[in-house]
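A.B. asks: Build me a model from this:
(chains A and B)
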Amino acid sequence: AQSVSQHNHHVILSEAASLELGCNYSYGGTVNLFWYVQYPGQHLQLLLKYFSGDPLVKGIKGFEAEFIKSKFSFNLRKPSVQWSDTAEYFCAVNVAGTYKYIFGTGTRLKVLA
Amino acid sequence: SQTIHQWPATLVQPVGSPLSLECTVEGTSNPNLYWYRQAAGRGLQLLFYSVGIGQISSEVPQNLSASRPQDRQFILSSKKLLLSDSGFYLCAWTSGSSSDTQYFGPGTRLTVL
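C.D. replies: So this is what the prediction gives:
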């Protein structure tokens, strides 16, 4: 069965620090990849997604993610975090051509002002 | 624009009681609809999804069931709640094509005592 692993469950950073959140999935075929974010008190919302093409994708609020097929990874990055980035981040995988989405366990990011 | 509603927002139920959570989507037609349960440290667990009226796919065998009586209505039910059913239930929708961005509702916090 497909699975998604997010190894960092809790991350605490100071403002202006760089961020990298890991995401690995287990599936050998074609996948579509997503990062969602849940800010305190708000709905889950899309941060960025990868379907095909350039493996480096850019999302909202300065986030980017790189798809490395050989490593089955889709890590999320931001060069300089802000206090407002405090949230929970979820990686998700969709097997191409299916309607199922598999989510990771999430990473809680706290940014200290 | 499209909106997704869930109710109730919070619910406290005794063990063994029935459950009915409702999700409706406005501003779109023929959506794919999803029920997830979000538990602390476990991410989002896909429970059910539906690609059309009366079509339900179950991902996790348990005492929950889902129904889709109308195009934009998705209901999560149980005849007898268990303590382990406590959690945060999220409804989501995507467009009719597979692999699209998911849009999430505000969720229902269920506590079973």
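
A.B. asks: Please make it C-alpha for all contacts and neighbour counts, starting now.
C.D. replies: Noted.

A.B. asks: how much space is there between the closest residue to A:Cys23 other than its chain neighbours and A:Gly22?
C.D. replies: Among residues not flanking A:Cys23 along the chain, A:Gln6 sits closest, at 4.8 Å (Cα to Cα, 6 or more residues apart in numbering or on different chains). Applying Cα to Cα, to the nearest Å, one obtains 6 Å for the distance of A:Gln6 from A:Gly22.

A.B. asks: Find the nearest non-adjacent residue to the residue in chain A positioned nearest to chain B, please.
C.D. replies: Relative to chain B, the nearest point of chain A is A:Thr105 (3.6 Å; Cα to the nearest Cα). Residue nearest to A:Thr105 in three dimensions, not counting chain neighbours: B:Gly43, with 3.6 Å by Cα to Cα, 6+ apart.

A.B. asks: which residues sit in contact with the one you found?
C.D. replies: B:Gly43 makes contacts with A:Phe90, A:Phe103, A:Gly104, A:Thr105, A:Gly106, as judged by Cα atoms under 8 Å, 6 or more residues apart in numbering or on different chains.

A.B. asks: Could you please name the strands the helix or strand containing B:Ser50 pairs with and the direction of each pair?
C.D. replies: When secondary structure is defined by DSSP states H and E, B:Ser50 falls within strand B:43-52. Strand B:43-52 sits in its sheet next to strand B:32-39 (antiparallel), strand B:55-58 (antiparallel), going by DSSP bridges.

A.B. asks: would you turn those strands into TSV with mean pLDDT, distance to B:Phe48 and mean neighbour count?
C.D. replies: Conversion of these to TSV gives the following (pLDDT from 0 to 100; distance: least, Cα to Cα, whole Å; neighbours: other Cα atoms under 10 Å in any protein chain shown):
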stretch	mean pLDDT	distance to B:Phe48	mean neighbour count
strand B:32-39	93	5	23
strand B:55-58	92	5	16
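
A.B. asks: what about the closest residue to B:Ser86 other than its chain neighbours, helix or strand, and which?
C.D. replies: If the residues on either side of it in the chain are set aside, B:Ser86 comes closest to B:Thr111, at 4.7 Å by Cα to Cα, 6+ apart. Using DSSP H and E, B:Thr111 falls within strand B:108-112.
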